[in-house]
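> Sequence isn't available, so here's the structure alone:
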Ligand code: SF4
């Protein structure tokens, strides 16, 4: 499977803003937030088309998201994920003494995950935040 | 149909106060002047799942009376040794004030969302100061508008239209028409490029190369807008020039500008992926403007360097003030995050991450900030208000938050409220309850009550007040 080393940036998008107002359990929210925006050239490198699922892995975790072709290309080897429960799974909690975690510029690896599913919010909560 | 005018939009830090809302039988049927995000809030706010408070019993959240939920919350907070109280940026100043009192009473750490957005900006402002103004000044006078590491089109959709490039000020005219004609030009260029690509059998949709050529409009004596970011967002279309910086290289770029503004030579060909010649020209535009402003976002605060990036941006503005007039302002996200800082500061002396565990306010971000406390697993209870840390905190911090008793005050059902032990559904401030909020430039604005909340939803301030009363009652009882 082709893997690609990238830099991960978490961002805000307008769809995420409106999706959030529709409710965080809504389909709109998942559609607009559980995505990974990739440069078209990088899509070729991992042999992926739009709307396929990809797995993104950092030192802090791994998550499956829907791939979306970036409208803001070129930004070779940089991928963008909107803030939300999916992005949080792979964020760096280190605050370097500022109180603020490192949410941008995180080294990551991205690979096709066509057979895997994007977790819904309830499933994600069950899997990662289940109370003991 | 009754129209309520001059409504303040309780969504983002732009706090637009020209919204018109049409109300019919206590239901909002139409909204005018708001952007897509603001309109979505006014029109969809009422789809809340619960109106009654919920308490977790046998692993399930079940509806209970308000007094039971208040009692349970007060008990959680009164029993805790080191509780955290987090959120606050999407609620009213009145609620924040009661929250601070409650935090002092129970010896909690009270922190607001600043900690994960502009915390570094505040740390930096303490170190080097800041030259800022109100948005009204900028609307009327600014002729060079720089957005750095932010995307107003998505995060503050009406910012450009109301306060900067597209607003018609007294001394500066809107650049809206120029933008429309530029857009037309860009579209025909795009079509032409696709046609050429097709003829030459190249990838028809290949993306264009980034240009480092500065357009002539940048040298004209009129209002202009520059966007500096790591990718070409929609905001870049509205700008006269888009400067693409390499990720995590903002500090280098800022320092390069500082050298150029001080007439020093740069002995390299490019900085942060931008040719020095381009930087020199932009530095000239900066020096040549009448009043410049840098708006910065999380592209500066969250990337490598964090607060040092802001130090450097503020220092650049200070240097520029030797040659012309220049100001700088953080683009604050949530509608009352500025208010959370202001109220916290006038009550405790500190803007965020305030620790009351020793009976007096103590502040040391990195130690008393929630992410750090959660990652060190030090807390034993939490109260979250109008915020969704489970969705937005790094996994490790969120996991440690939901492991302990958790109270959530939020009208929306969120990943955090689904994990809570007590959930209150308050009235939406700015729609169902009134209050006060601070715009990103520190101007306080009133939030209106437009419709009545469903029973028994109370305002956030009132819920906190009742919890505080109950805590005091519990603590006054002899053990
Ligand atoms: S820009 Fe912000 S405050 Fe203004 S209408 Fe849009 S969401 Fe509301």
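Yep, it's here. Here the structure is a predicted model, which is why all the values come from computation and not from measurement. Residues are numbered from 1 along each chain as shown, chains lettered A, B, ... in the order given.
> quick one: contacts for residue B:90?
B:10, B:334, B:335, B:336, B:386, B:387 (CB atoms under 8 Å, 6 or more residues apart in numbering or on different chains). Glycine gets a C-beta too; all of them are placed from N, C-alpha and C.
> if we go to 10 Å?
By CB atoms under 10 Å, 6 or more residues apart in numbering or on different chains, residue B:90 lies in contact with B:10-11, B:112-113, B:333-337, B:340, B:385-388, B:410-412, B:428-430, B:437, B:460.
> can you check residue B:245 too?
By CB under 10 Å, 6+ apart, the contact set of residue B:245 is B:148-149, B:228-231, B:252-254, B:271-274, B:299, B:303.
> Now it: closest residue in space that isn't a chain neighbour?
residue B:272 (4.7 Å; CB to CB, 6 or more residues apart in numbering or on different chains).
> now, which of the contacts of residue B:245 lie within strands?
The strands, defined by DSSP state E, take in B:148, B:228, B:229, B:271, B:274 from the contacts of residue B:245.
> Select only the buried ones of the residues you listed in PyMOL?
In PyMOL, a selection of the buried entries from the ones in strands among the contacts of residue B:245 looks like this (16 or more other CB atoms under 10 Å in any protein chain shown):
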select buried, chain B and resi 148+228+229+271+274
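> Can you add pLDDT and distance to residue B:239 and give the ones in strands among the contacts of residue B:245 back as TSV?
Conversion of the ones in strands among the contacts of residue B:245 to TSV gives the following (pLDDT from 0 to 100; distance: CB to CB, whole Å):
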residue	pLDDT	distance to residue B:239
B:148	95	11
B:228	94	9
B:229	92	10
B:271	94	20
B:274	93	15
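> quick one, what contacts residue B:452?
By CB under 10 Å, 6+ apart, the residues touching residue B:452 are B:26, B:427, B:432, B:433.
> what's the weakest-modelled helix or strand in chain A?
helix A:14-21 (a mean of 66; mean pLDDT, DSSP states H and E).
> Tally up the residues packed near the nearest residue to residue B:306 once chain neighbours are set aside, please.
Nearest residue to residue B:306, sequence neighbours excluded (CB to CB, 6+ apart): residue B:120, at 4.3 Å. Using other CB atoms under 10 Å in any protein chain shown, residue B:120 is surrounded by 29 other residues.
> what about residue 86, helix or strand, and which?
In the absence of a named chain, this looks at chain A. helix A:85-88 (DSSP states H and E).
> I was thinking of chain B, sorry if that wasn't clear
Going by DSSP H and E, residue B:86 is part of strand B:84-87.
> doesn't residue A:93 make contact with residue B:377?
No: using CB atoms under 10 Å, residue B:377 is not in contact with residue A:93, being 12.0 Å away.
> out of the two, which sits in the busier spot?
For the pair residue B:377 and residue A:93, the greater number of neighbours falls to residue A:93 (20 against 13), based on other CB under 10 Å.
> give the contact list for the nearest residue to that one once chain neighbours are set aside.
Closest residue to residue A:93 apart from its sequence neighbours, by CB to CB, 6+ apart: residue B:394 at 3.7 Å. Counting by CB under 10 Å, 6+ apart, residue B:394 touches A:60-61, A:87-95, A:101-103, B:116, B:371, B:374-375.
> residue of chain A with the smallest distance to chain B?
Proximity of chain A to chain B (CB to the nearest CB) peaks at residue A:99, 2.9 Å away.
> Can you read off the pLDDT for that residue?
Residue A:99 carries a pLDDT value of 78.
> one step back: need phi/psi at the residue nearest to residue B:245.
Here is the backbone geometry of residue B:272 (degrees, to the nearest 10): phi 50, psi 30.
> okay, it: pLDDT?
92.
> Quick check: the gap between it and the ligand.
With distances taken as CB to the nearest ligand atom, to the nearest Å, residue B:272 is found 30 Å from the ligand.
> Determine the number of other residues adjacent to that residue.
Residue B:272, neighbours per other CB under 10 Å, totals 21.
> Please enumerate the helices of the stretch 51-200 of chain B.
If DSSP state H, counting those that start in this stretch is used as the criterion, the helices of the stretch 51-200 of chain B fall at B:66-79, B:93-106, B:119-128, B:135-141, B:152-155, B:159-163, B:176-199.
> Ok, which of the ones you listed comes nearest residue A:71?
Shortest distance between residue A:71 and those, using CB to CB, is found for helix B:152-155: 11.5 Å.
> any residue of the closest one up close to the ligand?
No: applying CB under 6 Å from any ligand atom, one finds helix B:152-155 separated from the ligand by no less than 8.5 Å.
> Spatially nearest residue to whatever residue of the stretch 251-400 of chain B ends up closest to the ligand (excluding sequence neighbours)?
Residue nearest to the ligand within the stretch 251-400 of chain B: residue B:335 (6.5 Å; CB to the nearest ligand atom). Computed as CB to CB, 6+ apart, the closest residue to residue B:335 that is not its neighbour in sequence is residue B:10, at 4.9 Å.
> The one you found: what's it in contact with?
Neighbouring residues of residue B:10 by CB under 10 Å, 6+ apart: B:19, B:38, B:41-42, B:45, B:90-92, B:334-336, B:428-431, B:435, B:437, B:445, B:447-448.
> wait, is it part of a helix?
No: applying DSSP: H, G, I helix; E, B strand; the rest coil, one finds residue B:10 to be coil, outside a helix.
> gap between it and residue B:36?
15 Å (CB to CB, to the nearest Å).
> now residue B:293
Computed with CB to CB, the distance linking residue B:293 and residue B:36 is 25 Å.
> Contacts only, for whichever residue of chain B sits closest to chain A.
Nearest residue of chain B to chain A: residue B:369, at 2.9 Å (CB to the nearest CB). Applying CB under 10 Å, 6+ apart to residue B:369 gives the contacts A:95, A:97-101, B:84, B:86, B:109, B:111, B:114-116, B:119, B:352-355, B:363.
> and what of residue B:175?
By CB under 10 Å, 6+ apart, the contact set of residue B:175 is B:145, B:160, B:164-168, B:182, B:217, B:222-225, B:238-240.
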